[in-house]
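A.B. asks: kindly generate the corresponding structure for this input.
(one chain, ligands or ions: 1)
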Amino acid sequence: MMTQMNVESFNLDHTKVKAPYVRLVGVTEGAKGDKIYKYDLRIKQPNQEHMEMPALHSLEHLMAENSRNHHDRIVDIGPMGCQTGFYIAILNDDDYENILDVIEKTLNDVLEADEVPACNEVQCGFAASHSLEGAKELARELLSKRNEWTEVF
Ligand SMILES: [Zn+2]
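C.D. replies: Below is the predicted model:
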């Protein structure tokens, strides 16, 4: 029996999940009733595969920039340190299907992209570490399994 931990994903059995999937991690409610919905967008099967850093980094830039064209309350899209997925935080939208739709549209933008946004030393902290082709490969792979996103286990 694992000890209960503070971080929700530390209580998730990563050997039981089946990537790719989109999972609601939790909801944080503020004093005024606003709610932040945090999602686990898992792209690679934990402990079997991972994203290479340049591809992951470019996918991060592309999703961060493009997702905001499809939703006006994206709080954050951040990569997991284990390189298997991203966390997505959204304010006041409890519609899971809508989030899937936003992710799908954003990944289609990635396929259409001619360049990685903000991929330079002024706007990024590791501008040498990018791969547009790698990001597109991840987006293609994820879109090809669109019908599996709702199945976490
Ligand atoms: Zn960057």
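A.B. asks: how long is stretch 115-134 from one end to the other?
C.D. replies: For stretch 115-134, the first-to-last residue distance is 12 Å (C-alpha to C-alpha, to the nearest Å).
A.B. asks: ok, residue 117 - contacts?
C.D. replies: Residues near residue 117 by C-beta atoms under 8 Å, 6 or more residues apart in numbering: 61, 62, 65. For every residue, glycine as well, the C-beta is placed using N, CA and C.
A.B. asks: most neighbours among the residues you listed, please name it.
C.D. replies: Neighbour tally across those (other C-beta atoms under 10 Å): the maximum, 29 neighbours, falls on residue 62.
A.B. asks: show me where pLDDT drops low in the protein?
C.D. replies: For the chain, the stretches flagged by pLDDT under 70 are 1.
A.B. asks: by contact count, what packs against the lengthiest helix in the chain?
C.D. replies: The longest helix of the chain (DSSP state H) is helix 96-112. Packing contacts for helix 96-112, counted by 3 or more C-beta pairs under 8 Å, 6 or more residues apart in numbering; DSSP states H and E, involve strand 21-29, strand 35-42, helix 53-67, strand 85-91, helix 132-144.
A.B. asks: no further questions, thank you.
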